[in-house]
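>>> Structure, please.
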Amino acid sequence: CWPGGLAESCTIVTNFAARGGGIGCRDGGTFLNSIIYFNTATTLGQNWWEHATDDIDSSYCAVTPDPIGVGNTVADPMFVNRGALDFHLEKLSPCVDSGSNQTWMSVATDLDGDLRVTLSTVDMGAFEYPWPEIASVPAFAETDPVTHGGDSADDPAIWLHPGNASLSLIIGTDKTAGGG
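Next up is the predicted model:
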């Protein structure tokens, strides 16, 4: 970020410097889809510091203090294990599916080699949350509609076979006719 550089899809954490513990900029700079958090500095800018103009363009970042931009959060990014230097995101992290998709991301991978966009929106930082594959279970039968009204046919149970999705079951009940 010197002068006016770009930090995009980066995870910049647990660094130390005299100024700008995470990142130092001069004559502006841009942060996009990045996590800049848990850094320390002896004098100025724990996580970031801009030397000359204070002109930082920050969007879709987890960064504190917030340099004021679209989609930023100051919330803890919720890493799997920061103490062990595992900077993958927890499932409930505010950084999951909170970035801004860029055209280059459609064929890009993260630092683990996983697709950069797993669901519909990129995650902030260098790692995409590893969503499990969703099994597709085709319907092969349909039950007859219940003739009773109200709360008669609800509360289905879904059982996913651990090894073969085609053996999974959806079980429903007709409570008023003695089926549940």
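>>> ok, the residue nearest the centre of the chain - contacts?
Closest residue to the average C-alpha location of the chain: Val96 at 1.2 Å, with Cα atoms, centre = their mean. By Cβ atoms under 8 Å, 6 or more residues apart in numbering, the residues touching Val96 are Leu89, Asp123, Tyr129. Heads up, the C-betas are built off the backbone N, CA and C, glycines and all.
>>> Of these, which belong to strands?
Leu89 (DSSP state E).
>>> As CSV, the contacts of Val96 with pLDDT, distance to Asp112 and neighbour count would be great.
Below are the contacts of Val96 laid out as CSV (pLDDT from 0 to 100; distance: Cβ to Cβ, whole Å; neighbours: other Cβ atoms under 10 Å):
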residue, pLDDT, distance to Asp112, neighbour count
Leu89, 97, 12, 26
Asp123, 97, 12, 26
Tyr129, 94, 11, 20
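>>> And the strands in this structure, which stretches?
Under DSSP E, the chain gives strands at 6-8, 11-13, 16-19, 23-25, 29-32, 35-37, 40-44, 48-50, 56-59, 62-63, 79-81, 86-89, 157-159, 169-171.
>>> Show me what the fourth one is packed up against.
Based on contacts counted as 3 or more Cβ pairs under 8 Å, 6 or more residues apart in numbering; DSSP states H and E, the elements that strand 23-25 packs against are strand 48-50.
>>> repeat that for 10 Å
Where contact means 3 or more Cβ pairs under 10 Å, 6 or more residues apart in numbering; DSSP states H and E, strand 23-25 is packed against strand 16-19, strand 29-32, strand 48-50.
>>> circling back: nearest approach to Leu111 belongs to which of the strands of the chain?
strand 11-13 (8.3 Å; Cβ to Cβ).
>>> If anything else comes up later, I'll come back, but that's it for now.
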